[in-house]
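Student: sequence plus the predicted model coming up.
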Amino acid sequence: RDLAFVVRAAGAADPAALAGPARRALARVAPAVPLFRVMPLRALLSAAVSRTTFTLLLVGVAALVALAVGWTGIYGVVAYLVALRTREIGVRLALGARPADVRRMIVSGALADAAIGVAIGLAGAAAVTRGLGALLFGVAATDAVSLAGAAALLAATAFVAAWQPARRAAALDPAVALRSD
């Protein structure tokens with residue numbers, strides 16, 4: 001409910017120096033309107049968007065936490081599945097599978113599951129774009145580049161999370177893997 005007057009001054013005028021002439025000009029036009037909180041336009045704009053900026057900062061932090069939790073979950077699931085398949089991986093290696101083939105098998109399985117998750121996430125993002133549109137500046141809620149970037153980031157996260165268990169599986173000694181049970 002604030003009323004703001006914007007005064008344009010030549011050069012880099014000090015807001016305190018402009019307060020007197022602005023107060024006199026306002027008194028001539030509307031003597032009942034008080035003049036207070038004289039500030040540069042940058043400060044006024046900064047105060048106006050500070051709440052939105054803080055909200056977006058919190059959303060960004062939550063997104064990073066979600067990405068870390070997702071990485072941890074993918075890593076844990078892939079490591080657990082590799083542990084369950086130790087005997088099968090040992091048989092594959094004993095029959096001549098190359099370590100690169102074992103790594104590819106495990107990583108591609110994780111990426112296939114991640115692709116399903118990304119597709120579901122993109123569908124969910126398309127469903128909630130109207131609510132997010134009010135928080136975005138300079139980009140549409142259905143921006144293809146942003147959605148593709150998010151999908152690529154999630155796919156890269158899944159790849160990185162699956163790589164370590166896949167590398168461990170490829171380094172299994174077939175004789176030890178076949179004896180375990």
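Tutor: Ah, there it is. Residues are numbered from 1 along each chain as shown.
Student: low-scoring stretches of the protein, by residue?
Tutor: Applying pLDDT under 70 to the chain flags the ranges 1-2, 11-13, 135, 137, 181.
Student: what about the helices in this structure?
Tutor: Secondary structure of the chain, counting by DSSP state H: helices at 15-29, 41-84, 86-94, 99-127, 129-132, 144-170, 174-179.
Student: mind checking which of these is nearest Gly138?
Tutor: Gly138 lies closest to helix 144-170 among these, at 10.9 Å (CB to CB). The C-beta positions use only the backbone N, C-alpha and C, and glycine is treated the same way.
Student: burial of the nearest residue to Leu26 once chain neighbours are set aside, as a residue count?
Tutor: Of all residues not flanking Leu26 in the chain, Leu35 sits nearest, at 5.4 Å (CB to CB, 6 or more residues apart in numbering). Neighbourhood size, Leu35 [other CB atoms under 10 Å]: 15.
Student: now do the contacts for Leu35.
Tutor: 5, 19, 22-23, 26 (CB atoms under 8 Å, 6 or more residues apart in numbering).
Student: ok, now how distant is it from Ala27?
Tutor: 8 Å (CB to CB, to the nearest Å).
Student: alright, calling it a day.
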